[in-house]
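Asks: The following comprises the amino acid sequence and a computationally predicted model.
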Amino acid sequence: MHPRRIDPMKYPKARRDPLVERLHGMAVPDPYRWLEDVDSEETVAWTEAQNALARSVIDEIPFRGQIRSRLDSLSEVEAVGVPKEAGDRLFFTLRAPDARQASLVWQGSGDAEPHTLVDPEELSDDGTISVTEFAPSPCGKYIAYTKAEAGSDWQILRVIDVGTGEHLDDRLEWLKFPGVSWLPDSSGFFYAASEPPPPGDELKASVTQRSLRLHHIGEEQSADELILKYPGQPQWLVYGEVTADGRYLIVSIFKGTYQENRVALIDLGSSERTVVDLMPNFDATYRFVGSEGDVLFFHTTREAPFGRIVAVNSASPAPENWRVVIPESDATIDQAVCVAGRLVVASLRDAVADLSVYSKQGKRLHQVGLPGAGTIEVLRGRERGQVAYFSYGDFVRPNLVYRLDVETGEPEAFRGDALPYDPDDYTTETHWVETEAGVRVPVFLTRKAGVEAGRKTPTCLYGYGGFNIPMSPHFKIDHLSWLDLGGQLAVACIRGGGEFGEDWHQAGAKTNRPNVFSDFIAVAEWLVETKRTSTPKLAIYGRSNGGLLVGACMTQRPELFGACLPTVGVLDMLRFHLFTVGSFWVSDYGSPDDKPEFEVLHSYSPVHNVVDGTAYPPTLVSTADHDDRVFPAHSHKFAAALQAAQASDAPILLRVDFRAGHGLGKPKGKLLDEVADRWAFAFAALDSEPRF
């Protein structure tokens, strides 16, 4: 079977039901709703047949095996997580070059090598159990960590006595990203709790009620103290963070993925534990940075879309009493930590990372030299410590952890590891594409030495455009491998992301969401019009919200692309809010229950905008059976609709990863298999030969 052609009769038959719903006065067909019952015999048989078809096509591509081997070589590097300090120990994750998962380790000041606390290789035969979060107690005696299985967002929390390496009896279940924060005496910790989902619907059910609870070491989870709960608000997420002096608990309340949050304060020295509203409204971003007695430092977007740092007195928290420490500038503040009486601030300027150290009076003391024009993925520091730690990466440099002396502003590599290739063999250009609306969108264009931009150059256009997440130059093994194979990579910083502050984000949210797709299409058109590639050589790729981006653009402009790669995408925009954490996303998408927002959602929903008799480009739709973030039925329904509508013999394939989820904790081998399949399909669809 030729990878660029497929007989429509080869597609597994998908039953089309005559189901039509009337929504806001509009008749909306939903013939493939039965695929939402992902565990039914019929759906399981259909997905297995779809996956078998995808395998039969991809496995016949002659260079797929070579791509997979090259991925092994490129990924032979140590992966180090950003450390957390506690007592006289550092705690971090570490994955050896040949390991499937990262281990949880600790290292003392005089230790040459780290000590292993949790090795996921010992937890499962197939490598599908991963360490997802960890939080050491202030003195470093204990560490709480969570683990997830088969890519699910549901996690189990355990506690280890670091000195002995033994697990305590404490076991907390049915958690999703609990955000542990310890009491000053290490006797217990605050965490975000979830109610268990209905039995049998663990990977499908909508969000459950969240609450903030206190767990005391040695007690059962059922005895955990309820600190704060908002009945009837299952979309509200409540997290607690203990100040460095142990005086206050800073409580942050979020409505799903809305950037705007509330903040409350609890005096831990008071037996009454009264909850005091500090920032009582969902009107801006408020991120706690550090404290100095009664003075609390926050990163906020209130009256500052690009962000600023303010000092708030807990006794008089009204905005008119705030002291501006670091005013808003043309750089978007991304992260900030307080270390040794200084503020370390990571920002984005024109979508590229900047790192600076300030005094608490707002004087910039140091601009930290970074290895290149890239991204600071994680910034951490202990308020009463002396150093900060951060990870830096770009399109061709894997994230490397640096130790920053906040007094001198000098960074040094925490752990180094030689790369199996030379990153200087690659060059990145920055271009600005002006859309029809007059908006200037930055685009990063990267190639390997010897690869020239031209009409025959296989090119992958990647984007996201949502949830205030910036697409600054960051490392992904799939990006690097595409470049290594001779492809050209274009990354578009479209509206909806976090590159240029909250206004840029909102310009791509809710009823403004169509701007995201028009920006991406404008970049694709620019690549073709400037002859940096051509339609037959242009693939578009995105994950999650980026999968929606690909699905919407390919249904709007199918003639513009040579291949489409929607991966774990949100593709049914009329029912996304009914499954797992989908209701959180109304912050960016709007609600199908609101008529004006429904009309916009329906106008671009990929599942609802597939048109019978259309020639769609070669498409590889990818999902996973345990994806409990973006329900796999999104991909199932989209693939079924595309296959039924396809007017050409260009393949529409559905790849289903088993014992995997949205991407969380995917073992290295599974990750590389997915990348190899994607690039083999893309090169074949673009009628191009990869370079080895």
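Replies: Received, thanks.
Asks: Would you map the helices across the stretch 451-600 of the chain?
Replies: Assigned by DSSP state H, counting those that start in this stretch, the stretch 451-600 of the chain shows helices spanning 477-484, 501-506, 514-529, 545-556, 586-589, 595-604.
Asks: what's the closest of the ones you listed to residue 210?
Replies: Closest approach to residue 210 among the helices of the stretch 451-600 of the chain (C-beta to C-beta): helix 586-589, 15.7 Å. In this view, the C-beta of every residue, glycine as well, is placed from N, C-alpha and C.
Asks: Output the helices of the stretch 451-600 of the chain as a markdown table; include the columns mean pLDDT.
Replies: Shown next, in a markdown table, are these (pLDDT from 0 to 100):
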| stretch | mean pLDDT |
| --- | --- |
| helix 477-484 | 98 |
| helix 501-506 | 98 |
| helix 514-529 | 98 |
| helix 545-556 | 98 |
| helix 586-589 | 97 |
| helix 595-604 | 98 |
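Asks: So which of those has the densest surroundings on average?
Replies: With neighbours taken as mean count of other C-beta atoms under 10 Å, the helices of the stretch 451-600 of the chain reach their highest mean count in helix 545-556, at a mean of 27.
Asks: which SSE is the residue sitting furthest away from the middle of the chain in?
Replies: Taking C-alpha atoms, centre = their mean, the residue of the chain most remote from its mean C-alpha position is residue 271, at 39.0 Å. Assigned by DSSP states H and E, residue 271 falls within no helix or strand.
Asks: Spatially nearest residue to residue 692, not counting backbone neighbours?
Replies: Among residues not flanking residue 692 along the chain, residue 66 sits closest, at 5.6 Å (C-beta to C-beta, 6 or more residues apart in numbering).
Asks: Just confirm the one you found is within a strand.
Replies: No: applying DSSP: H, G, I helix; E, B strand; the rest coil, one finds residue 66 to be helix, outside a strand.
Asks: In terms of residue numbering, what are the domains of this structure?
Replies: Domain ranges of the chain: 8-73+421-685, 79-207, per automatic domain parsing.
Asks: quick revisit: so for the residue farthest from the centre of the chain, what's the pLDDT?
Replies: Note on residue 271: pLDDT of 86.
Asks: repeat for residue 7
Replies: Predicted confidence (pLDDT) at residue 7: the value is 86.
Asks: That one contacts residue 649, correct?
Replies: Yes: here residue 7 lies in contact with residue 649, judged by C-beta atoms under 8 Å, at a distance of 6.9 Å.
Asks: more crowded one of these two?
Replies: Higher neighbour count among residue 7 and residue 649: residue 649, with 14 against 9, using other C-beta atoms under 10 Å.
Asks: Not counting residues beside it along the chain, what's closest to that one?
Replies: Residue 649 sits nearest to residue 5 (C-beta to C-beta, 6+ apart), 4.3 Å away.
Asks: so who does that neighbour touch?
Replies: Residues counted as contacts of residue 5 (C-beta atoms under 8 Å, 6 or more residues apart in numbering) are 649-651.
Asks: any idea how far it lies from residue 651?
Replies: In this structure, residue 5 and residue 651 are 7 Å apart, going by C-beta to C-beta, to the nearest Å.
Asks: Please apply the same query to residue 643.
Replies: 9 Å.
Asks: When the two are compared, which one has more neighbours?
Replies: Using other C-beta under 10 Å as the criterion, residue 643 and residue 651 rank with residue 651 on top: 29 against 25.
Asks: which residues in the stretch 1-150 of the chain form helices?
Replies: 41-58, 64-74.
Asks: Show me which residues of stretch 419-430 are buried.
Replies: Neighbour-count burial for stretch 419-430 flags 421, 426, 428 (criterion: 16 or more other C-beta atoms under 10 Å).
Asks: got the CA positions of that stretch in CSV?
Replies: Only the C-alpha atoms of stretch 419-430 are listed here, as CSV (Å, rounded to 0.1, in the frame of the first residue of the first chain):
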residue,chain,number,x,y,z
LEU,A,419,25.3,16.0,23.1
PRO,A,420,25.4,13.3,20.3
TYR,A,421,25.3,16.1,17.7
ASP,A,422,26.5,19.7,17.3
PRO,A,423,23.8,22.3,17.9
ASP,A,424,25.9,24.9,16.0
ASP,A,425,25.0,22.9,12.9
TYR,A,426,21.5,24.6,13.1
THR,A,427,20.5,28.2,12.5
THR,A,428,17.3,29.9,13.5
GLU,A,429,15.9,33.1,11.8
THR,A,430,13.2,35.3,13.2
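Asks: what's near enough to touch residue 658?
Replies: Residue 658 neighbours (C-beta under 8 Å, 6+ apart): 51, 624-625.
Asks: Quick check: of those, which has the highest neighbour count?
Replies: Across the contacts of residue 658, neighbour numbers were computed from other C-beta under 10 Å; residue 624 holds the maximum, 27 neighbours.
Asks: ok, back up a step: distance check, the residue farthest from the centre of the chain against residue 241.
Replies: Separation of residue 271 from residue 241 (C-beta to C-beta): 21 Å.
Asks: next one: residue 350
Replies: In terms of C-beta to C-beta, residue 350 sits 31 Å off from residue 241.
Asks: next one: residue 648
Replies: 55 Å.
Asks: same question, residue 503
Replies: Applying C-beta to C-beta, the value for residue 503 to residue 241 is 28 Å.
Asks: Equivalent analysis for residue 306, please.
Replies: Distance of residue 306 to residue 241, given as C-beta to C-beta: 24 Å.
Asks: Give me the more crowded residue out of these two.
Replies: The residue with more neighbours, out of residue 306 and residue 241, is residue 306; 20 against 16, by other C-beta under 10 Å.
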